[in-house]
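Colleague: Fold the stuff below for me.
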Amino acid sequence: MSAKARAPRTSTRAPSESLSDGLSREFYQRMVMIRRFEERAARAYAEAKVGGYCHLNLGEEATVVGVIGALDENDYVYTNYREHGYALARGIAPERIMAELYGRADGVSKGWGGSMHMFDVASRFMGGYGIVGGQVPLATGTALAIDYRGGTEAVVCVMGDGTTNIGAFHESLNIAALWGLPIVYVVNNNGLGMGTTVEQSSAEPELYRRAASYRMPSARVDGNDPAAVHAAMRTALSRARAGTPYLLETMTGRLKGHSVVDPARYRSPDDTARVRAGDPVAAFAARLLERGVLTEGRIAEIDAEETARATAAAAFAEASPHPDVSTLFDFTYATTVANDSRRLPGEALFPAAPRPTIALTEVPA
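Modeller: Now for the predicted structure:
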């Protein structure tokens, strides 16, 4: 396969733009939807209605809506395990997402994926991945398939800042740049890889600069500004569709710990206060109020509407049945695979061998 025209070596700061009033209102409502959904999910986890792990997008709402809002309907989305907001922004019904968190049959993955592994092929939401960076090679492979078939779609691969330190990240960017694949890598830099700061774990903490190693264009953008993220994503996607992959770093915040059960004691009070002061939902509401795009009354109405939607989603999930154990392996493969194992936990790998029959003879007295 011949290499396409190489991208410039230099990285640039992402452009900004002013959203139309209509799109501003739409983005704000989506941000509030994500906020109220995630708060309701945290409550459900505390009530032991959500099993496994649960990672929330609280504080990342502006990045989520800016990224997803720039996509075409046929584009592909890969995320990590902090995925609920992306699924919501992609148009998957809150009821189906909440039911998946509850492990119920009406969930987006029939209850078998849970918080970290939901998947919806209809919306080309290709899943969250519990292994750090597990989605990066798969997203790159999807971009290769699009290029091979001559398609017009693009792939967006979302990851956290910690992912940029694993081998698969560098291997994937190298392949994408060599072969000119239609993919945008989005690094959500909230300053913490679990509980370790980026400065303590990355020799180059300005993560967008890593793209220069592969002559790939890149940018860093304010992840608390949905308009700036949206503009940056439009630029990135335009380059990717033309055969130049792109790395976008969004500088955002994390309002809670790494997961629902993380009390985040490694953060100083000053750092916590700083992140809360930059709350993207409140900041965007204030901007739209100042511009006259929203009124105080409409802001209150939106909050009430999305709170009610989150409550209804939880009620739907509660009423949904548990999946039947017989369906456990139905969605392991997209197509039938010969000799795939359907062994349940505790079942023997092989059938028990027959016991030998021993003939007993009488011993003479």
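
Colleague: contacts and neighbour counts: CA atoms only from here.
Modeller: Will do.

Colleague: Go ahead and confirm residue 289 touches residue 297.
Modeller: No - contact criterion Cα atoms under 8 Å: residue 289 and residue 297 do not qualify, at 10.3 Å.

Colleague: Of those two, which one has the most company?
Modeller: Using other Cα atoms under 10 Å as the criterion, residue 289 and residue 297 rank with residue 289 on top: 15 against 8.

Colleague: what about that one, helix or strand, and which?
Modeller: Here residue 289, judged by DSSP states H and E, is contained in helix 280-291.

Colleague: Give me the buried positions along that helix.
Modeller: By 16 or more other Cα atoms under 10 Å, the buried positions in helix 280-291 come out as 280, 281, 284, 285, 286, 288.

Colleague: Check the spacing between the first one and residue 151 real quick.
Modeller: Read that as residue 280. Using Cα to Cα, to the nearest Å, we find residue 280 at a distance of 35 Å from residue 151.

Colleague: Please apply the same query to residue 24.
Modeller: Residue 24 is 31 Å from residue 151, by Cα to Cα.

Colleague: out of the two, which sits in the busier spot?
Modeller: residue 24 (20 against 12).

Colleague: Pretty sure that one sits in a strand.
Modeller: No - counting by DSSP: H, G, I helix; E, B strand; the rest coil, residue 24 falls outside a strand, being helix.

Colleague: Just the pLDDT at it, thanks.
Modeller: pLDDT recorded at residue 24 is 96.

Colleague: Same check on residue 362?
Modeller: 69.

Colleague: that older thread, run the angle between the next helix or strand along the chain from the helix holding residue 289 and helix 280-291 for me.
Modeller: Next in sequence after helix 280-291, counting helices and strands by DSSP H and E, comes helix 296-319. Relative orientation of helix 296-319 and helix 280-291, computed by axes from the mean of the first three to the mean of the last three Cα atoms, to 10 degrees: 150 degrees.

Colleague: could you give the mean pLDDT of helix 296-319?
Modeller: Rounded mean pLDDT across helix 296-319 is 97.

Colleague: got a list of contacts for it?
Modeller: 29, 32-33, 36-37, 40, 94-96, 98-100, 102, 104, 106-107, 285, 289 (Cα atoms under 8 Å, 6 or more residues apart in numbering).

Colleague: ok, residue 28 - contacts?
Modeller: Contacts of residue 28 by Cα under 8 Å, 6+ apart are 281, 284, 285.

Colleague: List the buried residues of stretch 303-311.
Modeller: 303, 305, 306, 307, 309, 310, 311.

Colleague: Sorry, slip of the keys, the one I care about is stretch 136-145.
Modeller: Quick answer for stretch 136-145 (16+ other Cα under 10 Å): 136, 137, 139, 140, 141, 142, 143, 144.
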